[in-house]
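Colleague: 3D model of this:
(one chain, ligands or ions: 2)
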Amino acid sequence: MKHSIAVLGAGSWGTSLALVLEENGHDVRLWGNHVEQMREINEAHTNKRYLPDVTLAAGIKGYTDLAEAIKDVDVILFVVPTKAIRSVAKQVSSLLTKPAIIVHASKGLEQDTHKRVSEILAEEIPVALREAIVVLSGPSHAEEVANKDITTITSASENEAAAKFVQDIFMNDYFRIYTNSDVIGVEMGAALKNIIAVGAGVLHGLGYGDNAKAALMTRGLAEISRLGVSFGANPLTFIGLSGVGDLIVTCTSVHSRNWRAGDMIGQGKALPEILESMGMIVEGVATTKAAYELAAEKGVDMPITNAIYDVLYQDVTAREAILHLMTRDGKSE
Ligand SMILES: NC(=O)C1=CN([C@@H]2O[C@H](COP(=O)(O)OP(=O)(O)OC[C@H]3O[C@@H](n4cnc5c(N)ncnc54)[C@H](O)[C@@H]3O)[C@@H](O)[C@H]2O)C=CC1
Ligand SMILES: O=C(CO)COP(=O)(O)O
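Modeller: Ligands and ions are numbered 1, 2, ... in the order given. Below you'll find the predicted structure:
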């Protein structure tokens, strides 16, 4: 069945998800806040800044007017960076005239409040205007999805019917969706893997090898799970697509923005210059600070997150942070 879907956020991930939905026969409205970019999408059918080698289907329509983009849609998919979720959600709730299924595919924790993205959406969009909130997450680089490379991700919601609905609108022969009811686990896995990806990049930039990477990913997953479980997540979620699955892709791929930023840190470049040169969101930087503060509040031991926090925010060198991690007291696994 054909549905009308507004995709909010015309970066690499929003554009790739719009491509999948359009291919699946839906009416797709891609909303962005840059007039020139939306004109490019509508006239040249490209979005070169974010997906340089991709031609977009003519069915994907770019919108700069949010009211028009969300008018009478069945689904609103948020794919802006985490730091923009609250402001965009506020605008949506002031303009929405009928309830919609609210989906998000963003991966991070809000600064200061430390909230997950679905919590922000639940605060900003009144119950009367949302049928359900669904989280879309898993190992999925936009560049590969746009090339129709095989990808599997998770659709998570407390509302099982809504999770299945989202599974149905996205599924096709290269994009496979599994449902999950553990929203906390799926969102915590998604947000926290970005921190470990920065660390994997740092190790690469410093010249460390595969043993170091495997150590970081394994012990990183242990602390992701610890923090997630302290909020009520199911520990098994972290061995699923939005846990170890996403950790693998993001720590081993040159597509990863977080990994690339970490790699440049390892090579000795300064963080502001790195973020400037990326031109895309590197969620792991803000999420490291949120997770560091959250772990301290909760009394959860997160030594790798603390080490990356020290490098990003405390002027500790990466080599010093690694030495500190490696020379802590011996522990039981
Ligand atoms: N790129 C990827 O492969 C994947 C990204 N994600 C997540 O998706 C989210 C978006 O990431 P990307 O698409 O990579 O980011 P991006 O940096 O490629 O694009 C972000 C887009 O959001 C727009 N934007 C920023 N603030 C805005 C605002 N206030 N109002 C309207 N538009 C605004 C930007 O102009 C840009 O078009 C992030 O949370 C990321 O972790 C999740 C899975 C895969
Ligand atoms: O979440 C992502 C892939 O699943 C994208 O984030 P990165 O680009 O940092 O890997």
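
Colleague: Centre-most residue in the protein?
Modeller: Centroid-nearest residue in the chain: K107, 2.6 Å away (criterion: Cα atoms, centre = their mean).

Colleague: Distance-wise, check it relative to F78.
Modeller: 12 Å (Cβ to Cβ, to the nearest Å). Yep, even glycine has a C-beta here, placed from its N, CA and C like the rest.

Colleague: In a helix, I265, correct?
Modeller: Yes: counting by DSSP: H, G, I helix; E, B strand; the rest coil, I265 is located in a helix.

Colleague: isn't it right up against G201?
Modeller: Yes: counting by Cβ atoms under 8 Å, I265 touches G201, with 7.0 Å between them.

Colleague: quick one, helices of the stretch 101-250 of the chain?
Modeller: For the stretch 101-250 of the chain, applying DSSP state H, counting those that start in this stretch gives helices covering 117-124, 142-146, 160-170, 183-206, 210-230, 246-252.

Colleague: can you list the ones you listed in TSV and add mean pLDDT, mean neighbour count and distance to V35?
Modeller: Converted to TSV, those look like this (pLDDT from 0 to 100; neighbours: other Cβ atoms under 10 Å; distance: least, Cβ to Cβ, whole Å):
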stretch	mean pLDDT	mean neighbour count	distance to V35
helix 117-124	98	21	25
helix 142-146	98	21	22
helix 160-170	98	19	29
helix 183-206	98	28	30
helix 210-230	98	18	39
helix 246-252	98	22	32
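
Colleague: Those helices: which one's closest to G62?
Modeller: With Cβ to Cβ as the measure, helix 142-146 is the member of the helices of the stretch 101-250 of the chain nearest G62 (15.9 Å).

Colleague: Residues contacting that closest one, please?
Modeller: Residues outside helix 142-146 that contact it (Cβ atoms under 8 Å, 6 or more residues apart in numbering): 11-13, 15-17, 19-20, 50-51, 54, 151, 175, 255.

Colleague: out of those residues, who's nearest Q91?
Modeller: G11 (17.4 Å).

Colleague: How many neighbouring residues does the closest one have?
Modeller: Using other Cβ atoms under 10 Å, G11 is surrounded by 20 other residues.

Colleague: Distance of it relative to ligand 1?
Modeller: Going from G11 to ligand 1 by Cβ to the nearest ligand atom, to the nearest Å gives 2 Å.

Colleague: contacting residues for that residue?
Modeller: So G11 contacts 50, 79-81, 142, 280-281 (Cβ under 8 Å, 6+ apart).

Colleague: L203 now?
Modeller: Counting by Cβ under 8 Å, 6+ apart, L203 touches 212-213, 216, 262, 266, 322.

Colleague: Also G299?
Modeller: G299 sits in contact with no residue, where contact means Cβ under 8 Å, 6+ apart.

Colleague: G243 now?
Modeller: Listed by Cβ under 8 Å, 6+ apart, the contact set of G243 reads 185, 189, 193, 221, 224-225, 237.

Colleague: Kindly recompute the last result at 10 Å.
Modeller: G243 makes contacts with 137-139, 154, 185-186, 188-190, 192-193, 221, 224-225, 228, 233, 235-237, as judged by Cβ atoms under 10 Å, 6 or more residues apart in numbering.

Colleague: Any figure for the gap between it and F175?
Modeller: 20 Å.

Colleague: Just give me the longest strand of this protein.
Modeller: Longest strand of the chain, by residue count under DSSP state E: strand 130-137.

Colleague: Which neighbours in the sheet does it have, and how are they oriented?
Modeller: Here strand 130-137 has these sheet partners by DSSP bridges: strand 100-104 (parallel), strand 151-156 (antiparallel).

Colleague: just to revisit the earlier point, what sits in contact with each of K107 and F78?
Modeller: By Cβ under 10 Å, 6+ apart, the residues touching both K107 and F78 are V117.

Colleague: which parts of the protein sit against ligand 2?
Modeller: Residues of the chain lying close to ligand 2 (Cβ under 6 Å from any ligand atom) are 107, 139-141, 194, 197, 246, 249-250, 256-258.

Colleague: now, which of those lie close to ligand 1?
Modeller: When the residues of the chain next to ligand 2 are checked against ligand 1 using Cβ under 6 Å from any ligand atom, the ones in range are 107, 140-141.
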